[in-house]
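K.L.:
starting from these lines, generate the structure:
(one chain, ligands or ions: 1)
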Amino acid sequence: MVIRLERIEKKLDHMMKQCGDIVPWYSPDGIYRECREDFWVSGFWPGMLWIMYDLTGKESYRKKAWDWDVRIGSLFLKQSNLHHDVGFQFLTTAVLKYKITGDQDAYRMGLRAADFLAGRFNPAGRFIRAWNQEKTGWAIIDTMMNVSLLFWAADETGDPRFAHIATAHAETVLKHFMRGDGSVHHIVTFDPKTGEMTGALKGQGYAEMSSWSRGQAWAIYGMANVYRYTGDKRFLDAAKRAAQYFWMNLGEKKIPSWDFRAPGQEKERWDSSAGAIAASGMLVIAEQDELEGLLYQKCAETLIDSLTEYCTELEKTDYQGILLHGTGNKPAEEQVDVALIYGDFFYLEALAKLEGWKRRVF
Ligand code: GLY
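P.N.:
You can find the predicted model right below:
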């Protein structure tokens, strides 16, 4: 393993001892704060442990990761706020566990989550409903990552209904989320009865027509995945448009601002997690695009090198948090300039891919 992965291993070994059984979320000061098990980030820590187990074969990672799919999956039987993000939560736990170990209980848990996600599809608007409560007609760009759970279920069961739903949702995103210049909306609302689009909302971005960089990164990675699963060029073109827009809006240091269209000082705040997600997504484009793949590979490598230079302190092995300078929710002034567990996950995932790791999580 290269030096970066070796140092990450040391950090994770420390974190395994220090964090105990919490669900790590963000770290402003070298200590991870926890969140609820039903929150969208709960699969990333075990997902990192599974990746490290796959890379190193070290038993301590497997042991620590093993129960997480059952822990999160038990929420299906309780009062909880599980929603479209079961993709993030179960692709990184049950499905990855099954891919690595062949465990049949994990396989069933993965399918259970896919059924739940498919059940959120609105046929009138051809979108997967994002959140709960009164947000019946809301769809968000992040779901582009969650649809991989449906493509996995379609492949495993031979039942194309899962893939039909995933593809229909992605087509709706092409039509209603993606703008001509490759930028995207975070939230699009629909009338849940007629399926008609009713508007767009700023969500975690600066404004309705601005460009939240993590949403941009979800679009790159998600569209590239949909192309990988369907072979439909429209999705590869969309992934490339989103990636080109992302690249053109990076500053000199090649670390994304939290929103590419935030004004002046506001723009100064970075979101390193968007850089890591975009890099990992560009590596999917690189694998899939015979003509221009090398270009996207180089961009991904540059992004990861910049993140390593400006956003990590890998030698501080007892500091919990790999990727510093992430921004969780700037409009709410929450988790600003911190390490984020999903930034850590996607940085590790991209590094592993760059080192030749072939298994895919999404
Ligand atoms: N999926 C929520 C976020 O990216 O913050």
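K.L.:
which parts of the stretch 151-300 of the chain are strands?
P.N.:
In the stretch 151-300 of the chain, the strands defined using DSSP state E, counting those that start in this stretch lie at 187-190, 197-201.
K.L.:
look up how far K254 lies from the residue in the stretch 151-300 of the chain that the ligand sits nearest to.
P.N.:
Nearest to the ligand in the stretch 151-300 of the chain, going by C-beta to the nearest ligand atom, is R214, at a distance of 4.8 Å. Glycine gets a C-beta too; all of them are placed from N, C-alpha and C. Going from R214 to K254 by C-beta to C-beta, to the nearest Å gives 16 Å.
K.L.:
with neighbour numbers in mind, choose between those two.
P.N.:
Per other C-beta atoms under 10 Å, whichever of R214 and K254 has more neighbours is R214, with 29 against 17.
K.L.:
residues contacting the more buried one?
P.N.:
Remark: with contacts taken as C-beta atoms under 8 Å, 6 or more residues apart in numbering, R214 is in contact with 204, 258, 271, 273-274, 277.
K.L.:
which residues of the stretch 51-200 of the chain lie near the ligand?
P.N.:
Contact residues, the stretch 51-200 of the chain versus the ligand (C-beta under 6 Å from any ligand atom): D142.
K.L.:
can you read off the pLDDT for the residue of the stretch 151-300 of the chain closest to the ligand?
P.N.:
For R214, the pLDDT comes out at 98.
K.L.:
in helices, which of the contacts of R214 appear?
P.N.:
Among the contacts of R214, the members falling in helices (DSSP state H) are 273-274, 277.
K.L.:
relative to G102, which of those residues is nearest.
P.N.:
Nearest to G102 among the ones in helices among the contacts of R214, counting by C-beta to C-beta, is I277 at 28.5 Å.
K.L.:
residue of this structure nearest the ligand, please.
P.N.:
Taking C-beta to the nearest ligand atom, the chain has D142 as its residue nearest the ligand, at 3.9 Å.
K.L.:
that residue: neighbour count?
P.N.:
23.
K.L.:
got it, and G119?
P.N.:
10.
K.L.:
ok, it to T93 distance?
P.N.:
Counting by C-beta to C-beta - G119 and T93 are separated by 20 Å.
K.L.:
the strand ranked longest in the chain: partners in the sheet, and parallel or antiparallel?
P.N.:
Using DSSP state E to define each element, the chain has its longest strand at strand 334-340. When pairs are called by DSSP bridges, strand 334-340 turns out to pair with strand 24-27 (antiparallel), strand 326-329 (antiparallel).
K.L.:
now the ones you listed as TSV including mean pLDDT?
P.N.:
Shown next, in TSV, are the strands paired with strand 334-340 (pLDDT from 0 to 100):
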stretch	mean pLDDT
strand 24-27	98
strand 326-329	98
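K.L.:
next, format the ones you listed as CSV and append distance to the ligand and mean neighbour count.
P.N.:
Formatted as CSV, the strands paired with strand 334-340 follow (distance: least, C-beta to the nearest ligand atom, whole Å; neighbours: other C-beta atoms under 10 Å):
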stretch, distance to the ligand, mean neighbour count
strand 24-27, 11, 23
strand 326-329, 6, 23
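K.L.:
and the lowest-mean-pLDDT helix or strand in the chain, how far out from the chain's middle?
P.N.:
The least trusted helix or strand in the chain, going by mean pLDDT, DSSP states H and E, turns out to be helix 3-19, with a mean of 91. Relative to the chain's own centre, helix 3-19 is displaced by 21 Å; criterion: C-alpha atoms, centre = their mean, to the nearest Å.
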